[in-house]
Structure formats: C-alpha cells, structure tokens
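Student: okay, predicted coordinates and the sequence, questions at the end:
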Amino acid sequence: MVRALILAAAIVLAGAAATAAAGASTPGAAIVIHNQTALRAEPRDSAQQQAQLWQGEVLEVRAERKGYLQVWDFRRERGGYVRANQVRRTRLAAEEAPGLLAVLRFLSDTPGAEALGMGYAAAFMRAAPAEVLNGDDGVEALDALGNFADRLAQRASSGAQLPRSAQAALAAHLDVAAGYGVRFVNYERDGRSQLCYDGDAFRRVLALPASPEQRARAALALTRQECIAPDLQPLARARLDEWRAEVLERVEAAALPGYLKNRVLMRRAAVWSSLAYQRARKGEPAATAAARAIAELAGIDKSELADADRADYADAAVRANASRWAAAPASAQTASRGVRILTAPGAPGETCVTLVDTRKDGAAPLAKRCTYGLVWAESATLNREGTALALAVQPLAAWREMWLFRKEAHGWAVRVLPPSARGPEVGYAEFAGWVPGGRQMLVAREAGVDGKYERSFELMRLDTLAAEREAQDPDTLGAFRRWQDPRWKRLTLSVR
C-alpha cells in the first residue's frame, strides 16, 4: 500500500542487485553520515576530489580498498572512493530493517539530522517487506519522514539568519531531500520566503491505522496557516478551509497528551473561525462555524500550554474573536435617539453602510461608507447621548476593524479604527463601552505582527481616536470597571 517514496534508494538497490549478479563480493549501499564528505578519484587522502557529499546521500558500494569504499553515485553519475568511516553500509535486506528503524528512531529527535534521517527512511522502506510497511513500523517510518521534511522546511524558512556555512549545508540538505522525491513549496510573504513541505508522507499516515499522536502530528503539519498560498481566491480558500477542518476532525483529541490536544484545539479554532468568515462572505449560515471556533478555544487547558505554544494560543484567540459576531445572537438596533444604520449592496462585492435619521425615514442619509468587508450590523451600538455609533466591520478572515460614526459640528463623520497601525495581519479592534458625557469610549484591541501579539484595553477620545489611558488588564482601569458594556463582556474573547 505504501509506495516507494525514495527514488534514490530504489536506484541504488537496483544497482546493488546488478553488481551482485555480476559477481561482485561486496554489493550493497552506503549512507553518507558526515557533511562535506569527499568523493575522491583514488583511495588516498591526497587524491583529487571528484565531488562533495552530504549526510543522507545514498551510494552504491562496489568494492573496498585500503580503508576506502569504491562507490558509484547515481545522482551525479560519477564513481569514486569515500572513507569507510564516513558512511554506514547496508545490504538493504529484510533482516536489516529493524536495525535501520532503530537508527531512524534515534534520528527523529536529533536537530539538524533531517537529511540523514531521510536516508535511513529510504533504506528502511527499501529493506522492509510489504507487510511491515503496511503495519505500525511502516506508519512510524512515514511519520518520521514527514517530520524530517517539515523540520527541514522550517529550518530553511529561517535560514536567512544562519551563518553562510550553515546556509550552504542547509541548501545541500534540501538537494538531498529533493533527490529522494521529497517536494517543497515556496511562498513569498512580506518579502520573506516561506518553505513548506507538500505533506505527502503525512497524507499517507492519515490513510493508515496510525496512533492518535501520529494522526495529530500529521493533521497539524497539513493545516499550517503559514503554508497557505497568499494569493488564493476566496472560493479556493473556502474549499481549502473545509478540507483543513475535515483533516483535523480525523484526530481523536481526547486520546492525546494535554499539550498535543491543546495544539489540535487551537488549530481547529483558527480553521473554524476562517470558515465562519468564508461562509458569511458567501451569504451562507455561519453561526455554527463561529460557535465551533469559540467552543474549541474554550476547551484549551491553559495549564498544559507549552511555552512554545503561547503565541499560537494568542493567534487562535484573535482569529476566533475576529469572527465571533457570526455566532452572536441577533439584537435589534437601538433607534430611540433617532439614528440607525442600513446596509445595501454597492459596487460588485461591496456593502454600503448608511447612517440614517429614523424620523425622516432615511430620506437624507447622515453618513455613508462602503466596504468589501463583512458588515456585522448586529454589532451597531449607539451611545446614550445619540452622538456616536460603533460598528464592527471585518475586511479579512482574521482582521476586524471598528467604524465610529460621530456627530460633529458640520454633521456626521465616519472614522475607522484598525487593530494596529501595522498590518493587516491578524487582529481586532472592538467597542467595549461608552463613557457618559459623549466624549470617550472604551476599546479593546489585539494584533499580531511578526509573530508577536499585543493586547490593550484603552480609554479613547471620540474626537481624535487617541488613547488617553491603556492597560493590558481591563481591571486596572477604573473606567473599564465602571463603564464596560455588559454585552461586550459576555461575548468577547479578549478577556481570557
């Protein structure tokens, strides 16, 4: 059932078999275990170097002389000699499979040994019989192969900060992986390169009788947010999010260790929040998806959060909060002070928001602004003086702004408060309460930029949208303790 993923090992096996048929005394293969191993023209240190080999590469062994192995490199189509102590020999026979798997297990937790691990995965998959590959050991090897490829892609994505020698080794390891048929996809994000493994081994893990932990690792790797093409069209993104949700559903979260269960729940919360946005964009019911995102986030055990997962937890919470209005119960707008908003289609894809005077039946709009984002009309909140109205507008799946309609001397004006001055990436800005007097309001904002998340609760001026006071905890601001809106406190995910 498991196909031969490792092309180079297959070629070496065929070559070794041919050598054996020709009567050679030392047929088999050799796995390079050291970086920058010299392939020389003669079996001596002073001989000319034919090529430079890297850990994980597989060679065909043809003979042994003076502590050197005579080998053939099928990848470069070149023969030569390598020191015997710089490689590990194998006949790729079935009886060697348990030993190869043991080394593979050791390498699975060794940082920087991803290419070497792929070489041993290649050897194991060629040596093990079909019944072994279809069993637990085969799933373990696929799981290890996927993790090697995933780790190598993550190393490459942050390789710009490495020394030049380390970058050269990293590039060579990627070439080794490519020689084994391991494929990567490269995305450009904000001028930076993001390399992602295409996930073939992980898809095979999900198709086999894998353990809950193996399924969880595969699902998490296949549903990475950073490995989504940034130029996907909306319909394609919606289909991808549906597939991501389906993949995560194959994981039995209750059977996982606490930290791994948290990771699955965080990913589910992020995916379902995106689905809520995509469904709402298409005019489909989105309440179930938004409620699912909130429920998954609520199921996270914060005492089991690993330090490395705290940024992911903040990311999931921001995404779920950005789409939470899809799950909010509908409520009638307050129109007792004479104004309300109306929404109507504008240009193709646009929604236009109009503030109207209810006493004049909307004949003379007080203010109007159009957007390609989602307008959450049920979020509209008017202050008691009737001079300001706050509205939630969501231009992107993980980015929600607050629009403020304010009565000024010359009439009503509309201003937009973003989650952050940088971005848009991930964030929300939301109304949290009106301060009596008609000059101030309470706002909660949170945004993630370059992997760092900042949350603030602010006492803000209505005329300038400048924060007079702010804090990371709303309880430390007297205005929040006195004037926070009960509905906001009940529905928001900013207080967690």
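Tutor: Ah, there it is. The structure presented is a predicted model; accordingly, all values stated were derived computationally and were not measured. Numbering: from 1, shown residues only.
Student: in stretch 352-365, what's buried?
Tutor: Cys352, Val353, Thr354, Leu355, Val356, Asp357 (16 or more other C-beta atoms under 10 Å). No exception for glycine: its C-beta is placed from N, CA and C like everyone else's.
Student: in the host helix or strand of Ala293, which residues are buried?
Tutor: Assigned by DSSP states H and E, Ala293 falls within helix 287-298. With burial defined by 16+ other C-beta under 10 Å, the residues of helix 287-298 counted as buried are Ala287, Ala289, Ala290, Ala291, Arg292, Ala293, Ile294, Glu296, Leu297.
Student: just send the buried residues of stretch 352-365 back as JSON lines, with distance to Thr464 too.
Tutor: As requested, these are arranged in JSON lines below (distance: C-beta to C-beta, whole Å):
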{"residue": "Cys352", "distance to Thr464": "26"}
{"residue": "Val353", "distance to Thr464": "22"}
{"residue": "Thr354", "distance to Thr464": "25"}
{"residue": "Leu355", "distance to Thr464": "20"}
{"residue": "Val356", "distance to Thr464": "26"}
{"residue": "Asp357", "distance to Thr464": "26"}
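Student: pull the most distant pair out of those residues.
Tutor: For the buried residues of stretch 352-365, the maximum inter-member distance is 17.0 Å, found between Cys352 and Asp357 (C-beta to C-beta).
Student: any chance of the backbone angles for Gly451?
Tutor: Gly451 adopts backbone torsions of phi 80, psi 0, taken as degrees, to the nearest 10.
Student: sorry, wrong one. I was asking about Pro395.
Tutor: Here is the backbone geometry of Pro395 (degrees, to the nearest 10): phi -70, psi -30.
Student: tell me the contacts of it?
Tutor: Applying C-beta atoms under 8 Å, 6 or more residues apart in numbering, we find Pro395 in contact with Thr371, Tyr372, Gly373, Leu374, Glu401, Pro424.
Student: now do 7 Å
Tutor: Thr371, Tyr372, Gly373, Glu401 (C-beta atoms under 7 Å, 6 or more residues apart in numbering).
Student: Asn321 now?
Tutor: Contact analysis of Asn321 by C-beta under 7 Å, 6+ apart lists Tyr428, Thr492, Leu493, Ser494.
Student: also Gly80?
Tutor: By C-beta under 7 Å, 6+ apart, the contact list for Gly80 reads Leu39, Arg40, Ala41, Gln50, Val71.
Student: what subset of those residues is buried?
Tutor: Leu39, Arg40, Gln50, Val71.
Student: and the helix or strand hosting the first one, what does it pack against?
Tutor: Element membership for Leu39 (DSSP H and E) is strand 37-40. The helices and strands touching strand 37-40, judged by 3 or more C-beta pairs under 7 Å, 6 or more residues apart in numbering; DSSP states H and E, are strand 49-53, strand 78-83.
Student: mind checking those for the one nearest to Gly28?
Tutor: strand 78-83 (13.7 Å).
Student: one step back: reformat the buried residues of helix 287-298 into a markdown table and put distance to Ala327 and pLDDT next to each item.
Tutor: Shown next, in a markdown table, are these (distance: C-beta to C-beta, whole Å; pLDDT from 0 to 100):
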| residue | distance to Ala327 | pLDDT |
| --- | --- | --- |
| Ala287 | 5 | 96 |
| Ala289 | 8 | 97 |
| Ala290 | 4 | 97 |
| Ala291 | 4 | 97 |
| Arg292 | 9 | 98 |
| Ala293 | 8 | 98 |
| Ile294 | 6 | 97 |
| Glu296 | 12 | 98 |
| Leu297 | 12 | 97 |
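Student: from those, which is closest to Ala121?
Tutor: So of the buried residues of helix 287-298, ranked by how close each gets to Ala121 (C-beta to C-beta), first place is Glu296, at 33.2 Å.
Student: for the closest one, give me its contacts.
Tutor: Neighbour list for Glu296: Leu265, Arg268, Ala269, Trp272 [criterion: C-beta under 7 Å, 6+ apart].
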